[in-house]
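Undergrad: task: produce atomic coordinates for the following.
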Amino acid sequence: MTIVHLAPVTSENWQACCELSLPAEQQAFVASNLYSIAEAQFYPTMHVRAIMTQADTLVGLAVYGLSPNTDQYRVARLMIDQAFQGQGYGRAAMQAILAEAAALGTIDQVWLSYREHNHAARYLYQSLGFQEQSCDANGRIVAMYPLATHD
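TA: Residues are numbered from 1 along each chain as shown. Next comes the predicted model:
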């Protein structure tokens with residue numbers, strides 16, 4: 001079982017987070033980590049977290065929290081560096097995010113969206129229990145995880 005922990009992005013690790021990379025065919029699916037880190041500074045209810053292995057190796061980046069636009073708990077970004085994909089880190093990171101949301105005790109749903117052609121994301125999220133709800137104005141699939149039925 002792959003285990004990760006979510007660590008704050010700080011002045012000491014933000015550049016390493018920005019150096020994480022995706023294969024060319026995945027780059028259109030998610031904003032750059034630099035953009036994600038910068039954007040999150042304007043949304044204090046969103047958390048920017050480095051995805052770390054048990055040995056404290058940086059493998060990815062996640063942005064999640066209470067969306068200021070919708071009052072929904074959202075996973076806005078999840079990326080795993082291309083060198084670490086296919087090893088369970090994305091699944092482990094999502095499980096950690098869902099556990100953190102459940103521990104708040106006030107969240108009953110977690111929302112996210114992904115591009116229709118991002119088959120790896122769709123498979124991961126559906127296998128975790130996310131349920132597709134609709135398409136948003138940008139053509140992304142919107143999915144919801146019902147915490148109340150999974151705790």
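
Undergrad: contacts, neighbours, all on C-alpha from now
TA: Will do.

Undergrad: the helices in the chain, which residues?
TA: Ranges of helices in the chain, per DSSP state H, are 14-19, 33-40, 89-104, 119-128.

Undergrad: other SSEs contacting the shortest one?
TA: In this structure, helix 14-19 packs against helix 33-40, strand 58-66, with contacts taken as 3 or more Cα pairs under 8 Å, 6 or more residues apart in numbering; DSSP states H and E.

Undergrad: most packed of the ones you listed?
TA: strand 58-66 (a mean of 24; mean count of other Cα atoms under 10 Å).

Undergrad: what are the contacting residues of that strand?
TA: 16-17, 20, 33, 36, 40, 45-53, 72-81, 84, 89, 97 (Cα atoms under 8 Å, 6 or more residues apart in numbering).

Undergrad: and with 6 Å instead?
TA: Contacts to strand 58-66, defined as Cα atoms under 6 Å, 6 or more residues apart in numbering, come from residues 45-52, 72-81.

Undergrad: repeat that for stretch 115-133.
TA: 140, 142, 143, 144, 145.

Undergrad: in that stretch, what counts as buried?
TA: Of the residues in stretch 115-133, 115, 118, 121, 122, 125, 130, 132 count as buried by neighbour count, 16 or more other Cα atoms under 10 Å.

Undergrad: pick the one among the residues you listed closest to residue 3.
TA: residue 125 (17.6 Å; Cα to Cα).

Undergrad: quick one on the thing from earlier: take the contacts of strand 58-66 and keep only those in strands.
TA: Per DSSP state E, strands hold the following members of the contacts of strand 58-66: 46-52, 73-80.

Undergrad: max pairwise distance over those residues: which two?
TA: 52 and 73 (22.1 Å).

Undergrad: neighbours around residue 10, how many?
TA: 12 (other Cα atoms under 10 Å).

Undergrad: from residue 111, how far out is it?
TA: 26 Å (Cα to Cα, to the nearest Å).

Undergrad: wait, what's in contact with the spatially most central residue of the chain?
TA: For the chain, residue 78 is the residue whose C-alpha lies nearest the centre (Cα atoms, centre = their mean; 3.0 Å). Residue 78 makes contacts with 61, 62, as judged by Cα under 6 Å, 6+ apart.
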